[in-house]
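A.B. asks: Quick one, what's the 3D model for this:
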Amino acid sequence: MNNIEKKLLEKIADLHSIPSGAFNLRKNGQAVERQSTKDIDIVPKKNKSGIDIIVHPNVKNKSIHIPVIITVGGLNDLVYNDFYIGENCDVVIVAGCGIHNKTCNTSSHNGIHSFHIGKNSKVKYIERHIGEGEGSGGKILNPVTRIYQKENSVMELETSQLSGVTLSLRKTYAKLEDKAKLIIHENILTTENQTAKTQFKVDLIGEHSSVEVVSHSVAKDNSYQEFKSDLIGKNECFGHVECDGILLDKARIISIPKIDAIDNNASLVHEAAIGKIAGDELIKLMTLGLTQKEAEDYIIQGFLVN
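C.D. replies: Next up is the predicted model:
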C-alpha cells in the first residue's frame, strides 16, 4: 500500500498494519486481502459483491476489521455484507470507508450491512467515513444498516462522518426482541456545500426492549444536514432519541422526529437542540489567548468527541 492508502486505513480503522485476527480489506471495488480464524469465518458471496461474516457461538473478546478504501475517480462501489453472530458472543467490528479522490469524476461507496445477533450476545460496531483529495469529483457514501436482535442481546453502534464527504444518506433500520438493547452514537461534520441525511427507524417489538440514539452534528459554511427518526413501540419498551447540532455561517440542520406508541406501555422520548455556539463560551476561550477560529474548533472537537 502507498502512503495515501495507509493514512486512510489509519483514519477509518486505526490500522497501522494488517491485523492479526479476522479481516477483509477492500480497495477500489475489489477484495484484496482476507483472513478467517477458527472462531470467525469470512466468506465471499457467490451471487453478488460482498461477504458473510459468521461468528461462532460463545466467541468473546475478538475483533473483526472490514475497511474499504477508494483512491480512484469514477468508481461506484456497492457491497452487501451480512453478519451472523452466534449466541453468547462478545465482539467488536471495525468498518468504515475512506475516499481519496483527486479527479473531477465522482466516486461512491454504498455498503448494505445486515446484522443478525443471537441471544445474549453483545456487538460493538464502529463505522467511520471520510473524504479527501483535492479533485473536484464528489466523494459519496451511502451506508445502510439493518439490525435484527434476538432476546437479551446488545448492539452498540458508533458511526462518524469525519470530514470531506460531499453527499451521504445514512439509513438504519432495527428490530428488537425481548430485552434487546440498541445504543447508537452518531457524529457528523459537514462543511462547504456538503449534504448529509440520516434516517433511523427502530421497531421495538419485544417486551422490555430499549433503544437510545444520540446524534451530534456540526454544520459549517453552506452545508446542510437532515435528521429523521422513527421509533415504534409495539410492547412495553423504552426509546430515547437526542439530536444536538451546532450551526456556523449559513449552514442548516433539520430534525424530524416521529414516535409511535402502539402499545400503551411504550415510553418514547425525542429531544432536539440546534443552535450557534454560545458567545460566552467563545469569549472565555479567547481570553486564554485563542483566536475565534481556534476557540470554535476546540468547542466543536469536544462536542463531537463527547
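
A.B. asks: From here on, just use CA atoms for contacts and neighbour counts.
C.D. replies: Noted.

A.B. asks: Could you chop this protein up by domain?
C.D. replies: As assigned by automatic domain parsing, the chain contains the domains 3-279, 280-306.

A.B. asks: for the longest helix seen in the chain, packing partners?
C.D. replies: Determined from DSSP state H, the single longest helix within the chain is helix 292-305. Counting contacts by 3 or more Cα pairs under 8 Å, 6 or more residues apart in numbering; DSSP states H and E, helix 292-305 packs against strand 181-190, strand 210-219, helix 279-286.

A.B. asks: Any idea which of these has the lowest pLDDT on average?
C.D. replies: Among these, helix 279-286 carries the lowest mean pLDDT, at a mean of 84.

A.B. asks: Show residues contacting it.
C.D. replies: Outside helix 279-286, the residues that touch it by Cα atoms under 8 Å, 6 or more residues apart in numbering are 292, 295-296.

A.B. asks: got the buried residues for that helix?
C.D. replies: Using 16 or more other Cα atoms under 10 Å as the test for burial, helix 279-286 gives 282, 285-286.

A.B. asks: Take the residues you listed and lay them out in TSV including distance to residue 139.
C.D. replies: Compiled in TSV, these are given as follows (distance: Cα to Cα, whole Å):
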residue	distance to residue 139
282	32
285	34
286	35
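
A.B. asks: closest to residue 144 among the residues you listed?
C.D. replies: residue 282 (37.2 Å; Cα to Cα).

A.B. asks: so residue 56 touches residue 39, yeah?
C.D. replies: Yes: between residue 56 and residue 39 there is a contact at 5.6 Å, judged by Cα atoms under 8 Å.

A.B. asks: before we move on, back to that, looking at the helices and strands packed on helix 292-305, spot the one closest to residue 5.
C.D. replies: Judging the helices and strands packed on helix 292-305 by Cα to Cα, what sits closest to residue 5 is strand 181-190, at 22.1 Å.

A.B. asks: how distant is the closest one from the center of its chain?
C.D. replies: Counting by Cα atoms, centre = their mean, to the nearest Å, strand 181-190 is centred 6 Å from the centre of its parent chain.

A.B. asks: For the nearest residue to residue 105 once chain neighbours are set aside, which residues are in contact?
C.D. replies: Once flanking residues are discounted, residue 105 sits nearest to residue 137: 4.3 Å by Cα to Cα, 6 or more residues apart in numbering. Contact analysis of residue 137 by Cα under 8 Å, 6+ apart lists 73, 101-107.

A.B. asks: what's the answer for residue 296, then?
C.D. replies: Contacts of residue 296 (Cα under 8 Å, 6+ apart): 277, 282.

A.B. asks: Do me a favour and average the pLDDT over the longest helix of the chain.
C.D. replies: Mean predicted confidence for helix 292-305 is 87.

A.B. asks: Can you show me the helices along the stretch 1-150 of the chain?
C.D. replies: Under the criterion DSSP state H, counting those that start in this stretch, helices of the stretch 1-150 of the chain are mapped to 3-13.

A.B. asks: What segments of it are strands?
C.D. replies: 22-27, 30-35, 40-44, 50-55, 60-65, 68-70, 76-85, 90-100, 107-117, 122-132, 139-141, 144-149 (DSSP state E, counting those that start in this stretch).
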